[in-house]
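Chemist: Kindly generate the corresponding structure for this input.
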Amino acid sequence: MAMEAHEIEGMIREALPDAEVRIEDLRGDGDHYAAYVVSPSFVGKSRVQQHQMVYAALQGKMGGDLHALALQTSAPE
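Modeler: Next comes the predicted model:
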């Protein structure tokens with residue numbers, strides 16, 4: 001079952017309430033998304049750690065309900 005962009009955004013915002021989150025449906029199929037996440041929580045964290053934080057927010061949906069997620073993360077400048 002595909003996920004909707006607002007569901008992905010909501011899960012990320014719940015885990016990272018200080019984050020700016022933008023989700024794009026890359027193919028219009030509800031299965032391939034890009035997520036852009038900027039959060040003060042990422043300060044001092046490696047890119048891998050930032051991505052792990054976002055994947056943790058998705059509570060195991062990656063690879064199941066959510067097939068593909070192109071992820072770009074950063075701390076605010």
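Chemist: which residue packs closest to Ile23, ignoring adjacent ones?
Modeler: Ala5 (4.2 Å; C-beta to C-beta, 6 or more residues apart in numbering). To be clear about C-beta, it is placed using only N, CA and C from the backbone, and glycine gets the same treatment.
Chemist: tell me the phi and psi of that neighbour?
Modeler: Here is the backbone geometry of Ala5 (degrees, to the nearest 10): phi -60, psi -40.
Chemist: now do the one 4 residues further on
Modeler: The main-chain torsion angles of Glu9 are listed as degrees, to the nearest 10 and equal phi -60, psi -40.
Chemist: How about the contacts made by Asp18?
Modeler: By C-beta atoms under 8 Å, 6 or more residues apart in numbering, the residues touching Asp18 are Ser39, Pro40, Ser41.
Chemist: Name the helix or strand for it, please.
Modeler: Of the helices and strands defined by DSSP states H and E, none includes Asp18.
Chemist: can you check Glu14 too?
Modeler: Glu14 belongs to helix 5-15 when assigned by DSSP H and E.
Chemist: List the pairing partners of the next helix or strand after that helix within its sheet, with orientation.
Modeler: Using DSSP H and E, the helix or strand that follows helix 5-15 towards the C-terminus is strand 20-25. Its sheet considered, strand 20-25 pairs with strand 32-38 (antiparallel) by DSSP bridges.
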